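Student: sequence below, structure please.
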Amino acid sequence: VVSPQWLLQHMGQVVVVDVRKLITKTVEAPGFIPGAVVVPYSRVTRGINQNGIKLDSMALDKQALEILMAELGVKVGDAVVITTPGDRLNNLTHATRLYWTMKYFAHKQVAILDGGNAFWQAQKLPIVAKSSSASASQYRVKELMPEILAQIADVRGGQKNLKTQII
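Tutor: I've put the predicted structure just below:
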């Protein structure tokens, strides 16, 4: 988690990714951090069918993350700060989903903006009316961090182990 002041000091050194719901296909909700590129929150998860059950809000797979990051102009070594409008707690769900997906695929420099755009604006920092457009990049996942992903066996083991906390 980074503060608005930290982000302000590092503008131009990080890619700011604003995860939000688009009002329509072409109109965005107002209020962006300068230079931020927008990703609709529907793009940070995927739906799958497993054993006849439709599962929404699953993590992106490797290919989907590579495509998304390339479209956002993110390169493998870039420092990324994820933000949201910050006006509702459920916005944070999408930011943390993207954060942990990037971490799982070993993107090392990724953080979430504390309080999102709402806290940024409350600090009287600059807000612009439109998001920035990204120049497409190349993004290739080179490694995984599978140890951060709990599998069903981990959860079952945790249920039996009183030292493990499941939240």
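Student: make it CA atoms for all contacts and neighbour counts henceforth
Tutor: OK.
Student: tell me the secondary structure of the residue most central in space within the chain, please.
Tutor: By C-alpha atoms, centre = their mean, the chain has its centre lying nearest to residue 98, at 2.9 Å. Assigned with DSSP: H, G, I helix; E, B strand; the rest coil, residue 98 falls in the helix class.
Student: that one contacts residue 44, doesn't it?
Tutor: Yes. In this structure, residue 98 is within contact of residue 44 by C-alpha atoms under 8 Å, at 5.8 Å.
Student: surely residue 21 and residue 43 touch.
Tutor: No. Contact criterion C-alpha under 8 Å: residue 21 and residue 43 do not qualify, at 9.9 Å.
Student: how many residues are close by residue 94?
Tutor: By the criterion of other C-alpha atoms under 10 Å, residue 94 has 23 neighbours.
Student: next: the one 3 residues further on.
Tutor: With neighbours defined by other C-alpha under 10 Å, the count for residue 97 comes to 18.
Student: so it versus residue 10, what's the distance?
Tutor: 23 Å (C-alpha to C-alpha, to the nearest Å).
Student: buried stuff in stretch 129-136?
Tutor: For stretch 129-136, a neighbour-count test (16 or more other C-alpha atoms under 10 Å) marks 130, 131, 132, 134 as buried.
Student: and the last one, what does it touch?
Tutor: Taking C-alpha atoms under 8 Å, 6 or more residues apart in numbering as the contact definition, residue 134 lies against 37, 71, 72, 73.
Student: contact partners for residue 140?
Tutor: Contacts of residue 140 (C-alpha under 8 Å, 6+ apart): 66, 76.
Student: now it: which helix or strand?
Tutor: Element membership for residue 140, per DSSP states H and E: none, as it lies in no helix or strand.
Student: what sits closest to residue 118 if chain neighbours are left out?
Tutor: In space, and not counting its chain neighbours, residue 118 is closest to residue 86: 5.0 Å by C-alpha to C-alpha, 6 or more residues apart in numbering.
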